[in-house]
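1. Next input, structure requested:
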Amino acid sequence: MNPWFGKAAFIVSLISMMVIRAPHGKRSGQVKIRESRKGRLEIALLVLMSITTLILPVISIASPLLSFADYGLRVFPFLLGSACAAMGLWLFYRSHADLGLNWSISLAIRQKHQLVTGGVYERIRHPMYTSIFLLALAQAFLLSNWIAGPLYLLAFLLTFPLRLGPEERMMLDTFGDEYGAYVKRTKRLIPNIW
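-> Below is the predicted model:
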């Protein structure tokens, strides 16, 4: 299978992520931050995620620099990657839409911040992370390059446990028992269907 099918699907997915996130970032950026827990570790993790989801894939697509790590694209990984991208983008969109002005790229509590437990957050405590995991899987399947393909997934697997603890502590500190009850009735990454 021509690897450009995978590259094209990845490009569409990446542009879709940017289109989904841009208006939410603009709107929520206008709401003052009441408390920020953005430290050096989080900044480093955000940079790592940016490098692996944007810079390395663009280099692998637009230049021969990483071509030594290319391999052939197969139909099944392409289909699986496309399905992961579609599910990931839908959940990415729903997560942003349901959070509204409460969304932030970093660990922050905004003025008049509310605990969101409706929409996709009714069944998954961290649907944004689930969407990013699905999009990272999509990249690994769609980009047939041993460097640009799987590094986003590896970066996510490093970032998730290092960021989740501080985020949940911040939410517990802010919302107390209400968040504690929410934690008891939801799972972190997979839907609680009963």
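
2. which stretches of this structure have low pLDDT?
-> Scanning the chain for pLDDT under 70 picks out the ranges 194.

3. let's see it at 80
-> 192-194 (pLDDT under 80).

4. Identify each buried residue in the helix or strand containing Pro23, please.
-> Assigned by DSSP states H and E, Pro23 belongs to helix 3-28. For helix 3-28, burial by neighbour count (16 or more other Cβ atoms under 10 Å) applies to 3, 5-7, 9-11, 13-14, 16-17, 20, 24, 28. Bear in mind the C-beta positions are built from the backbone N, C-alpha and C, glycine included.

5. And the strands in this structure?
-> Secondary structure of the chain (DSSP state E): strands at 33-36, 108-110.

6. between those, which one is nearest to His126?
-> Nearest of these to His126, taken as Cβ to Cβ: strand 108-110 at 15.8 Å.

7. Packing partners of that closest one?
-> On a contact count with 3 or more Cβ pairs under 8 Å, 6 or more residues apart in numbering; DSSP states H and E, strand 108-110 meets strand 33-36.

8. which residues make contact with the strand it packs on from outside it?
-> Under the criterion Cβ atoms under 8 Å, 6 or more residues apart in numbering, residues 104, 106-111, 113, 170, 174 lie in contact with strand 33-36.

9. Parallel or antiparallel, which strands does that strand pair with?
-> strand 108-110 (antiparallel) (DSSP bridges).

10. Can you name the residues in contact with the strand it pairs with?
-> Counting by Cβ under 8 Å, 6+ apart, 28, 31-38, 101-102, 104, 170, 174 sit against strand 108-110.

11. show me the biggest helix of this structure in terms of residues.
-> Taking DSSP state H as the criterion, the chain has its longest helix at helix 151-185.

12. Spit out the contact partners of Lys187.
-> Per Cβ under 8 Å, 6+ apart, neighbours of Lys187: 124-125.

13. who does it bridge with?
-> Under the criterion used (DSSP bridges), Lys187 bridges to Ile124.

14. where's it relative to Leu135, distance?
-> Going from Lys187 to Leu135 by Cβ to Cβ, to the nearest Å gives 19 Å.

15. Kindly report the same for Trp103.
-> Taking Cβ to Cβ, one finds Trp103 at 17 Å from Leu135.

16. quick one, which of these two is more surrounded?
-> With neighbours defined as other Cβ atoms under 10 Å, Trp103 and Leu135 compare such that Leu135 has more, 27 against 21.

17. Hmm, Val58 and Phe10 touching each other?
-> No - if you go by Cβ atoms under 8 Å, Phe10 and Val58 don't touch, sitting 10.1 Å apart.

18. dump the residue contacts of the residue most central in space within the chain.
-> Geometric centre of the chain, nearest residue: Ile132, 2.7 Å, by Cα atoms, centre = their mean. Contact partners of Ile132, counting by Cβ under 8 Å, 6+ apart, are 88, 92, 156.
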